[in-house]
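Participant: can't give you the sequence, but here's the structure:
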């Protein structure tokens, strides 16, 4: 791998009431914002183990803590209207910097196996685009070798059809598509319980569980040693 490869992590600022709102059934808005921040930090830090790849953190607004984490050269603001427009703008920016393989990841899958990320870049040696299916019908990752202006046209976001519509839009642009192994986003109590059952919980998320033992117990966990 070479540094012509880039990962862009897309995330919202951890503002209470604006992130992880479906988890308000089991925690406060402030707690869900703290959890979201832990997910972003874990995603950023874990991806450092992917060799030969530049990391970028794309936020929806300025946020000092994460600008310090990523550094001013790697912290960027999302630009555009809907999610497709923002991702396309990001891909164009990174392509203009000379990155020949670009992978955009969400921050909702903090335990995503690093092997899946490596699989995405290997696949981009043979295909124009990749999609990492999520259990909810969306995707945890999308990658390309060259961004196409129409690649996200007509996609319905946050829908059970988002993945299939995106794949269809790619093919309509004459781009080949490869699906990666599936994983899950953590947006609901059920998904949080699945994360809590992981044998190796990422460091920042683990610390969050340790500081909220009541929620940890409700997720089916036990005292963290």
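Facilitator: Perfect, I can see it now. This structure is a prediction, so every number in the text was calculated from the model and none was measured.
Participant: Does the longest helix along the chain pack against any helices or strands, and if so which?
Facilitator: Scanning the chain for the longest helix, with DSSP state H as the assignment, gives helix 29-46. Where contact means 3 or more C-beta pairs under 8 Å, 6 or more residues apart in numbering; DSSP states H and E, helix 29-46 is packed against strand 5-11, strand 53-59, helix 64-70, helix 203-211. All C-beta spots, glycine's among them, are computed from the backbone N, C-alpha and C.
Participant: which stretch among these comes nearest residue 94?
Facilitator: Closest to residue 94 of the helices and strands packed on helix 29-46 is strand 5-11 (C-beta to C-beta; 4.7 Å).
Participant: just checking, what packs against that closest one?
Facilitator: Using 3+ C-beta pairs under 8 Å, 6+ apart, the elements in contact with strand 5-11 are helix 29-46, strand 53-59, helix 83-96, strand 101-106.
Participant: Tell me which of these sits most buried.
Facilitator: By mean neighbour count, with neighbours taken as mean count of other C-beta atoms under 10 Å, strand 101-106 ranks first of those at a mean of 25.
Participant: what are the pairing partners of that one, and which direction each?
Facilitator: strand 5-11 (parallel), strand 139-144 (antiparallel) (DSSP bridges).
Participant: Can you tell me which of those strands is packed in deepest?
Facilitator: Highest mean neighbour count among the strands paired with strand 101-106 (mean count of other C-beta under 10 Å): strand 139-144, a mean of 25.
Participant: Past that strand, which element shows up next along the chain?
Facilitator: Once the chain leaves strand 139-144, the next helix or strand it forms, by DSSP states H and E, is helix 162-172.
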